[in-house]
Each structure stands twice: as C-alpha cells, then as structure tokens.
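Engineer: I'll drop the sequence and a predicted model, then ask my questions.
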Amino acid sequence: MPMNELELTDEVLRRLDETPDPRLREVMQALVRHLHAFAREVRLTDEEWMTGIRYLTATGHKCDEVRQEFILLSDTLGLSSLVDLINHASDNPVATEPTIMGPFYVPDSPWREMGASIVEFDDGGEPTVVTGVVRDTEGAPIADAVLDVWHNAANGFYAVQQPEEQPATNLRGRFRTGDDGHYSFHTVRPVPYPIPNDGPVGRLLRDTGRHEWRAAHLHMKVTADGFTPLNTHIFDRESDYLESDTVFGVKGSLIADFTPGPDGVLVCETDIVLARSGV
Ligand code: BEZ
Ligand code: FE
C-alpha cells in the first residue's frame, strides 16, 4: 500500500505493468511518471488541480466539427511542432523541411491548370505568383508531383473560417507538375493572422502574456510516387512574427522572398525538394 509521494507513483506504474500492448504500457507509464513529477515539482494545490480539470473540460466543449481546441492547445504549447520534428525531420539536409499542418486544411481542393489563379474572391490582396520546381534531392525535376495549396485571404481568414463571405474553394487548389517539374500559380500575398482566440487557448495565451499571431505563410502538401509526402509552409521574409510565431512553426529554410516582378505582381520563387521514400 503506497504511503508517500514516490511510493504512490511506483504503485501506479506497477499497476500498468501488465498492460498487454507493450507500446501502450510504455506510453502510459512514461505519462504517469512525468505527470506525477510535474505535480510534485510545482507542489500542485487542490485549487490548481481543479482549475486544470475545468480548463481541459472547457477545451473539450469548444471542439466541434470544424474547431479542434485540443490541437490548438497542442500547437501553442509547441507539442505539435515537437511531434512533427520527432517524426518528420528528414535525414537529408537538402530536402525541403516539413512543418505543422494546422486546422484549416480542407481535402479535395479543385484541380487547377498549372499557372492558374486560386483567387475566387477579391479582397484587395497583393497579386502574387508563387513558382518553382519540384525536385528530388539530386536536383532532377519530379513529374506528376501533386501540390495541394491553401492560405488565408488579405482579411486574415481562410475560406473555411468564413463560409458566408468567401467561396469555399477560395485560395485553395491542387496542381500537377509536368515533365519539367515546374509549378506556378497566381494568388494574393498571405498575411499574418491570429489563431482562433475566442476559447480556452486564447485565454491561456493572454494569461501568459503571449500573442496569438502566426507569421504570414502559405501551406503546401506535396506528394509524388516514390517520395516521402511533404507538409510544409512558405513564409514571407517581410512578415512580422517570424521570430515569435505562436505555434512554433517557422523554420529558417522555409522563409522566402516576395519580390516585385516586371508587371508589379510579386514573385515568390521556391523550389520544393522531396526525399525518396524508404531511403
Ligand atoms: C495554420 O497555419 O493554419 C494554423 C496552425 C496552427 C494553429 C492555427 C492555424
Ligand atoms: Fe496557416
């Protein structure tokens, strides 16, 4: 029978010893060890324990079909980026780095002709062409690569956040590369935006003196047969919040220039490098 704090932890771990699935046992025992160590370290009070329970309950209540407050919590605590680093950091220094996906991806975006526009709603954003070549790590172009892109409008919102205002497929599209691996599409310049802040995650950011902004970026999922799927962003070098992105998604290698082209349209040129799968 456990008597003191450490004996209690040992007893809980012991009861998990017989967990049939070895991975579940490993994860649950580590979770208990770290949770107990946390409570001991901060000398968690009764009130603080109850505040934590209420906080997690409110976080669950905020979730619905389109809002996932637990993922947002994970994002703002850096856990999503840590899991991404653990699982997707490529051993190949040449491959484009991945980053977190975020909650605004909608599958089945419309297929568009290479070079077409993804703008379906004029919100006055700065016209921009995003272009480059999808390559392998030896530099060879990849044919038949699929780029699935999405980003926010100049008003800061993704189409999925504004079903009444924006067409559902605004600033989203899928493109397939030809033999030269080249891709390009017309769009508007992405802008920094606050993550959804009207729930428990927004409250915690305010209570801890943090801001709720993401640096301006566009999202890309890039897939091709024989290559590891890539989930990444292109960040705008001139954006605010590159150093303090609230979900820790910025990687230096993903920052790109948006430079004025001859016709006044901004050009963002970025090659995408995919690593071969199973290598
Ligand atoms: C996004 O980039 O879309 C995003 C990522 C994490 C939290 C909120 C938004
Ligand atoms: Fe985003």
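Structural biologist: Cool, got the structure. Ligands and ions are numbered 1, 2, ... in the order given.
Engineer: do you have the strands of the stretch 51-200 of the chain handy? List them.
Structural biologist: In the stretch 51-200 of the chain, the strands defined using DSSP state E, counting those that start in this stretch lie at 127-136, 146-151, 172-176, 182-188, 193-194.
Engineer: out of the ones you listed, which one sits most buried?
Structural biologist: For the strands of the stretch 51-200 of the chain, the stretch with the most neighbours on average is strand 146-151, a mean of 22; neighbours defined as mean count of other Cβ atoms under 10 Å. (Glycine included, C-beta is placed from N, CA and C.)
Engineer: can I get the strands of the stretch 51-200 of the chain in JSON lines including distance to Ser244 and mean pLDDT?
Structural biologist: Compiled in JSON lines, those are given as follows (distance: least, Cβ to Cβ, whole Å; pLDDT from 0 to 100):
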{"stretch": "strand 127-136", "distance to Ser244": "24", "mean pLDDT": "98"}
{"stretch": "strand 146-151", "distance to Ser244": "20", "mean pLDDT": "98"}
{"stretch": "strand 172-176", "distance to Ser244": "27", "mean pLDDT": "98"}
{"stretch": "strand 182-188", "distance to Ser244": "24", "mean pLDDT": "98"}
{"stretch": "strand 193-194", "distance to Ser244": "13", "mean pLDDT": "98"}
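Engineer: mind putting these in JSON lines, distance to Trp49 included?
Structural biologist: Shown next, in JSON lines, are the strands of the stretch 51-200 of the chain (distance: least, Cβ to Cβ, whole Å):
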{"stretch": "strand 127-136", "distance to Trp49": "49"}
{"stretch": "strand 146-151", "distance to Trp49": "40"}
{"stretch": "strand 172-176", "distance to Trp49": "43"}
{"stretch": "strand 182-188", "distance to Trp49": "48"}
{"stretch": "strand 193-194", "distance to Trp49": "30"}
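Engineer: just for this protein, where's the confidence low?
Structural biologist: Low-confidence segments of the chain, defined by pLDDT under 70, are located at 2, 279.
Engineer: apply 80 and report the result again.
Structural biologist: Under the criterion pLDDT under 80, the flagged ranges of the chain are 1-2, 90-91, 278-279.
Engineer: could you list the domains of it?
Structural biologist: Segmentation of the chain into domains, based on automatic domain parsing, reads 5-44, 73-274.
Engineer: contacts only, for Val134.
Structural biologist: Contacts of Val134 were listed using Cβ atoms under 8 Å, 6 or more residues apart in numbering, and they are 141-142, 145, 147, 177, 181, 183, 222, 224, 271-274.
Engineer: and it, how close does it get to His182?
Structural biologist: As judged by Cβ to Cβ, to the nearest Å, Val134 and His182 stand 8 Å apart.
Engineer: got it, and His34?
Structural biologist: Counting by Cβ to Cβ - His34 and His182 are separated by 48 Å.
Engineer: state the number of residues packed around the nearest residue to Tyr193 once chain neighbours are set aside.
Structural biologist: Of all residues beyond its chain neighbours, the one nearest Tyr193 is Gly156 (4.0 Å), with distances taken as Cβ to Cβ, 6 or more residues apart in numbering. Gly156 sits with 17 neighbouring residues when counted by other Cβ atoms under 10 Å.
Engineer: ok, Gly156 touching Ile195?
Structural biologist: No: because the distance of 10.7 Å does not satisfy Cβ atoms under 8 Å, Gly156 is recorded as not touching Ile195.
Engineer: thanks a lot, catch you later.
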